[in-house]
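>>> Could you work out the structure for the sequence below:
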Amino acid sequence: MNNKIISLNNDLKEKNKEIEKYKLQIKNKDKYSLEPIKPGEKVLGINFVSIGKNDIGHYNLVCKNTDLFVKLEERLYEDYPKFKNYNIVFEVNTRKIKRFKTLEENNIKNNDIINIIVFED
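Next comes the predicted model:
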């Protein structure tokens, strides 16, 4: 009986270590990593280029067609915080992008180039 208890305690310790490992992975997970792809979703690579200010030559973001554009905008501002100080318009293929629509609703495709038009106050 004692051997069984020792064996179960060892199993419990191993499972607790495994749980802590997964907790750490979740805690350290990149908040912008892609979640698993669901039916109807596609992975896209979107390129940003600034016009007027040559601060961004090419900035690529990996996302899903179901992501809201504003989510990409947030990621852009995280890497280029000075753009928060300007009025910005985003365009794809000469069409203005609606921030609170998905990439698919904005008709943004894989490898499209998003122009960042900067207006200084």
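
>>> Moving C-terminal from the longest helix anywhere in the chain, which element do we reach first?
Of all segments of type helix in the chain, defined using DSSP state H, the longest is helix 2-28. Counting by DSSP states H and E, the element after helix 2-28 in chain order, helix or strand, is strand 43-51.

>>> So K38 versus L61, what's the distance?
19 Å (C-beta to C-beta, to the nearest Å). Backbone N, C-alpha and C define where each C-beta goes, glycine included.

>>> Show me which of these two is the more surrounded one.
L61 (18 against 8; other C-beta atoms under 10 Å).

>>> Count the neighbours of L72 for me.
As a burial measure, L72 scores 23 neighbours (other C-beta under 10 Å).

>>> quick one, what contacts it?
By C-beta atoms under 8 Å, 6 or more residues apart in numbering, the residues touching L72 are I46, L61, C63, L103.

>>> Now do stretch 109-121, average pLDDT.
Averaging pLDDT along stretch 109-121 gives 87.

>>> Spell out the secondary structure type for I88.
Judged by DSSP: H, G, I helix; E, B strand; the rest coil, the three-state class of I88 is strand.

>>> pLDDT value on the closest residue to I116 other than its chain neighbours, please?
Nearest non-adjacent residue to I116, counting by C-beta to C-beta, 6 or more residues apart in numbering: S50, 4.3 Å away. pLDDT for S50: 84.

>>> Now do the end-to-end distance for stretch 61-74.
11 Å (C-alpha to C-alpha, to the nearest Å).
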